[in-house]
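Participant: requesting a structural model of the entry that follows:
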Amino acid sequence: MDVSHTMTPIHLRNLPPPDETFDHITFLRYMAQWIKPECYLELGIRDGRCFVVVAPFCKRAIGVDILGAPFSLASNMEFFKGTTTLILNL
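Facilitator: You can find the predicted model right below:
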């Protein structure tokens, strides 16, 4: 049973770029730029491609993943290594 696709973000599994039907990362960046949230929580950041785009527009950005953060954290970013269930029970 091939499960290698399970680690690929779903937007990359549906249609490969540049034919992707919905670019959710750009949408979230525009929303964060407009709203400027106090706090942004992303559960399951994987490679961080969405997290690092949204975080600059937030006062506080929190990422959670079972793997380590694959990028450097800016001053407004926090990262918790663990399951989402563990974090939500805090």
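Participant: every contact and neighbour count from this point should use C-alpha atoms.
Facilitator: Fine.
Participant: quick one, grab the pLDDT at the residue lying closest to Gly68 once chain neighbours are set aside.
Facilitator: Once flanking residues are discounted, Gly68 sits nearest to Lys81: 6.1 Å by C-alpha to C-alpha, 6 or more residues apart in numbering. Residue-level confidence at Lys81 comes out at 92, pLDDT.
Participant: what's the neighbour count on the nearest residue to Thr83 once chain neighbours are set aside?
Facilitator: Distances taken as C-alpha to C-alpha, 6+ apart place Ile66 nearest to Thr83, at 5.5 Å, with adjacent residues excluded. Ile66: 14 surrounding residues under other C-alpha atoms under 10 Å.
Participant: wait, Ile66 touches Ile45, no?
Facilitator: No - counting by C-alpha atoms under 8 Å, Ile66 does not reach Ile45; the two are 9.0 Å apart.
Participant: so, low pLDDT: which residues of this protein?
Facilitator: Applying pLDDT under 70 to the chain flags residues 1-22, 90.
Participant: helices of that one, residue ranges please.
Facilitator: 10-14, 24-35, 51-54, 84-88 (DSSP state H).
Participant: closest to Pro70 out of these?
Facilitator: Within these, the stretch nearest Pro70 is helix 51-54; the backing value is 10.5 Å (C-alpha to C-alpha).
Participant: what lies in contact with the closest one?
Facilitator: Ile25, Leu28, Arg29, Ala32, Gln33, Glu42, Ile45, Gly63 (C-alpha atoms under 8 Å, 6 or more residues apart in numbering).
Participant: repeat that for 6 Å
Facilitator: With C-alpha atoms under 6 Å, 6 or more residues apart in numbering as the test, helix 51-54 has contacts from Arg29.
Participant: kindly report the same for stretch 24-33.
Facilitator: Contacts for stretch 24-33 (C-alpha under 6 Å, 6+ apart): Cys50, Val54, Phe57.
Participant: got it, and stretch 61-75?
Facilitator: 39-45, 55, 77-83.
Participant: what's the PyMOL line that selects buried ones from these?
Facilitator: PyMOL command restricting the contacts of stretch 61-75 to the buried ones, with burial defined by 16 or more other C-alpha atoms under 10 Å:
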select buried, resi 40+42+43+44+45+55+77+79+80
